[in-house]
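*Asks:* below are the sequence and a predicted model; questions follow.
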Amino acid sequence: MMNFAVKTIANAGALAVAVWLLDKITLTGDSTGKKVGTLLVVALIFGLVNVLVKPIVNLLSLPLLILTLGLFTLIVNALMLLLTSWLADKLDLSFHVEGFWTAVLGGLIISIVSWALNVILPDRD
C-alpha cells in the first residue's frame, strides 16, 4: 500500500511539473488545496490508465516499437496523457491537455520527473 501511495505522489509531482512548464497543459481551481486535490485524482487516473490500458497498447504496437527502437513509446505516453485528459474532462476535473505535440512533450517531462522522484522517494511495501 505504501508503494502505491509513493507512486501516486510521484505521478502527481510529475504532472505538476508538466503543468508548470507547459502552457497548454492546464490545471485550474479556486484554491491551492483544490488544485492539489485535483492533481492527486488526475494522478490516480493516470496511474490506472498506465496500468490497464498502456500494456494493451504496447502489445498492439509492438512492431512499431521494435521498428523505431522504442521511440514509439513517446507516442504511446502521449496517447495515455491525452486519454487521462479526456477522462478528467468526463469526470468534470479541471485538467486539460491541448494538442498532440503538447502531450508528447508533457509525456516526456512526466516520464523523466516521475523516474527521478521514484529514485528519490522510498520504495517500501
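*Replies:* The structure has been received and is ready for your questions.
*Asks:* buried sites along the helix or strand harbouring residue 59?
*Replies:* Taking DSSP states H and E as the criterion, residue 59 maps to helix 54-60. For helix 54-60, the neighbour count (16 or more other CB atoms under 10 Å) marks 54, 57 as buried. Just so you know, the C-beta spots here come from the backbone N, C-alpha and C atoms, and that holds for glycine as well.
*Asks:* measure residue 31 to residue 38 for me?
*Replies:* Using CB to CB, to the nearest Å, residue 31 is found at 11 Å from residue 38.
*Asks:* actually residue 78, sorry about that
*Replies:* 21 Å.
*Asks:* ok, residue 51 next?
*Replies:* 20 Å.
*Asks:* for the two, indicate the residue with more neighbours.
*Replies:* residue 38 (20 against 10; other CB atoms under 10 Å).
*Asks:* output stretch 112-125 as PDB, restricted to C-alpha atoms.
*Replies:* Only the C-alpha atoms of stretch 112-125 are listed here, as PDB (Å, rounded to 0.1, in the frame of the first residue of the first chain):
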ATOM      1  CA  ILE A 112      11.600  12.000 -16.600                       C
ATOM      2  CA  VAL A 113      10.300  13.600 -13.400                       C
ATOM      3  CA  SER A 114       8.400  10.500 -12.300                       C
ATOM      4  CA  TRP A 115      11.600   8.400 -12.800                       C
ATOM      5  CA  ALA A 116      13.600  10.900 -10.800                       C
ATOM      6  CA  LEU A 117      11.000  11.100  -8.000                       C
ATOM      7  CA  ASN A 118      10.800   7.300  -7.800                       C
ATOM      8  CA  VAL A 119      14.500   7.100  -7.400                       C
ATOM      9  CA  ILE A 120      14.400   9.600  -4.500                       C
ATOM     10  CA  LEU A 121      11.300   8.500  -2.700                       C
ATOM     11  CA  PRO A 122      11.300   5.300  -0.600                       C
ATOM     12  CA  ASP A 123      10.100   2.100  -2.200                       C
ATOM     13  CA  ARG A 124       8.700   0.000   0.600                       C
ATOM     14  CA  ASP A 125       5.500  -2.000   0.900                       C
END
